[in-house]
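coordinates for the following, if possible.
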Amino acid sequence: MNILTVATTPFSDQKPGTSGLRKSVTAFQKPHYLENFVQSIFDSLENCQGQTLVVGGDGRYYNRQAIQIILKMAAANGFVRVKVGHRGILSTPAASCIIRKYKTLGGIILSASHNPGGPNGDFGIKYNISNGGPAPEKVTEAIYARSQVIDSYKILEANDVNLDTLGESKIGNMVVEVIDSVQDYQDLMESLFDFDRIHQLVTGGKFKMCIDSMHAVTGPYAKGIFEQRLGAGVGCVQNGLPLEDFGGGHPDPNLVYAHDLVEILFGEYAPDFGAASDGDGDRNMILGRKFFVTPSDSLAILAANAKLVPGYAQGLSGIARSMPTSQAADRVAAKLGIDCYETPTGWKFFGNLLDADKATLCGEESFGTGSNHIREKDGLWAVLFWLNVLAARQQSVEEIVKEHWQIYGRNYYSRHDYEEVDSERANTLVKLVQEAMPSLKGKKFGNYEVEYSDNFSYTDPVDGSVSTNQGIRIGFTDGSRIVFRLSGTGTQGATLRLYLESFEADVAKQNVDTQVALGDLIRIADEIAQIRENTGMDKPTVIT
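The predicted structure is shown next:
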């Protein structure tokens, strides 16, 4: 077997976003494109010689082919062992778990998360560091810098590895270990949650649940944990077979794209509990019978009930949330007497807080929740957390949420996504809002008066690093907020995200339809940003 050094030239578009490099499948299939980025990862690491790497992905189209390329390049660059998921499958949380458990140098995760798959869909790649978390900005910047000057990459001439059989084989001097994708992750979940109590709940005859894996990566995990280990029964997991095109669906666990689950939970014979996960398994949507739990509320409720769960019975060191996430968690933190950190969007910003034990639970409004057990958000972890709370409290999802509102108040909250907006028009909108910001303080819009407006900047309390231009915030004197942000996770045009939040302490006013409760803020946002005119869209693509 020969190590080839292949001449190449840089691609200008290999700058990682908040969750790695995401492009269309056809972009990754261009000669040298994937190889350039992988070599840039290896070149930016201090030393690959003698190290162990974790590799796996969400099973989308091009996953297997990309893994074969990465394995041959890892062998050529001096790695001595790669742990790769069975059939190339590893959920993002499971990959983080394995990196941490076996103390590997890091891992390469192949996923475009909630973006569509298939030959005409999207693909993605990101590097996670030795703590199991996404590479921080200083690492991704180094990878990008290398990608802009790269002139060659190394790859081993070798046959493809059999990914369908568990066990070890060798290519060159490197051992490839095909591992069970589920077991290590399931073991970690059993160490955190009261599986016996959850088993009693789901097998007692009075509780029914439905888990939608959306033909994405969590199918094997959900079947192994919920159907087999916990005894919820065959059939409680739907769409459980991972498919390269996710069955033609959009693997994003929200009220629009997880429509199969929503129809079941809002149907005539709805089960008591429902949940969906996304493409790579790190997001979650929680539903009760005819009841939707916002991700912001979910984070706050899990924090408020954490002592009911064995893994968190000693309490929380702190809570962290992304800036656009509602301030519901802040209220829980205040009552618990712990800190609540507001970070930019992107799970990598939670890593330092978790490593320094400043935070135990973390969450994003984009259906991501997690804790210090790994360094990624974790969809099935959130489902198990909810099941543990339900088993302990013996109440319905709706009862638990409404009781939480009575104690802490309700943060009415919604996100409006305008997808695939022309990039120039999206940037024009942002520029318009930024130009208006200096004159907004003190300005009144109906009953709302602007208290502040800024472009969010974050100084990491652990390492002092600064991240600027993380989203435009407009805050009002009553605590309401409007946030504008361009997303970094799409591959076509730009996605404008509009976040709206209003606090309601009066229990009598806590059951209004969310879009009605936020109606005035929606109109104010459109007035300030001229959203319809600047996007060319009459309404959002998705409302959550």
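
didn't residue 448 look like it was pressed against residue 478?
Yes: the criterion here is CB atoms under 8 Å, and residue 448 meets it with residue 478 at 7.1 Å. Backbone N, C-alpha and C define where each C-beta goes, glycine included.

of the two, which one has the most company?
Neighbour tally, residue 448 and residue 478, criterion other CB atoms under 10 Å: the higher count belongs to residue 448, 18 against 11.

distance check, the more buried one against residue 471.
Distance, residue 448 to residue 471, using CB to CB, to the nearest Å: 19 Å.

what do you get for residue 356?
Taking CB to CB, one finds residue 356 at 24 Å from residue 471.

from what I can see residue 40 touches residue 143, true?
Yes: the pair residue 40 / residue 143 is scored as a contact, 5.0 Å apart, by CB under 8 Å.

neighbours of residue 52, how many?
20.

measure it to residue 174 for me?
Here the criterion is CB to CB. By it, residue 52 lies 10 Å from residue 174.

shared neighbours, those two?
79, 80, 81, 82 (CB atoms under 8 Å, 6 or more residues apart in numbering).

show me which pair in the residues you listed is furthest apart.
80 and 82 (8.8 Å; CB to CB).

so between those two, which is more surrounded?
Between residue 80 and residue 82, residue 82 has the larger neighbour count (other CB under 10 Å), namely 26 against 16.

so that one is in which element?
Counting by DSSP states H and E, the element that carries residue 82 is strand 81-89.

swap in residue 97?
Here residue 97 sits within helix 92-101, counting by DSSP H and E.

helix or strand right after that helix?
Heading C-terminal from helix 92-101 (DSSP H and E), you reach strand 106-110.

what's the following helix or strand past that next one packed up against?
Per DSSP H and E, the first helix or strand lying C-terminal to strand 106-110 is strand 122-128. If you count contacts as 3 or more CB pairs under 8 Å, 6 or more residues apart in numbering; DSSP states H and E, strand 122-128 packs onto strand 21-24, helix 25-28, helix 33-44, helix 92-101, strand 106-110, helix 137-147.

closest one to residue 121 among these?
Comparing the helices and strands packed on strand 122-128 by CB to CB, helix 25-28 comes nearest, at 6.0 Å.

now do the buried residues in the closest one.
Neighbour-count burial for helix 25-28 flags 25, 27, 28 (criterion: 16 or more other CB atoms under 10 Å).

for the closest residue to residue 315 other than its chain neighbours, which three-state class applies?
Nearest residue to residue 315, sequence neighbours excluded (CB to CB, 6 or more residues apart in numbering): residue 307, at 6.4 Å. Following DSSP: H, G, I helix; E, B strand; the rest coil, residue 307 is assigned to helix.

pLDDT score for residue 307?
We have a pLDDT of 98 for residue 307.

residue 356 and residue 471: who's more crowded?
Ranked by neighbour count (other CB under 10 Å), residue 356 and residue 471 place residue 471 first, with 20 against 14.

who's in contact with the more buried one?
323, 324, 344, 345, 455, 456, 483, 484, 485.

could you identify the most distant pair in those?
344 and 484 (14.1 Å).

roughly how far apart are the spatially closest residue to residue 131 that is not a sequence neighbour and residue 136?
Nearest residue to residue 131, sequence neighbours excluded (CB to CB, 6+ apart): residue 375, at 5.2 Å. Look at residue 375 and residue 136: by CB to CB, they are 11 Å apart.

and the two? which has more neighbours close in?
residue 375 (26 against 18).

per-residue pLDDT, the nearest residue to residue 283 once chain neighbours are set aside?
On the basis of CB to CB, 6+ apart, the spatially nearest residue to residue 283 that is not a chain neighbour turns out to be residue 367, at 4.1 Å. Note for residue 367: predicted pLDDT of 92.
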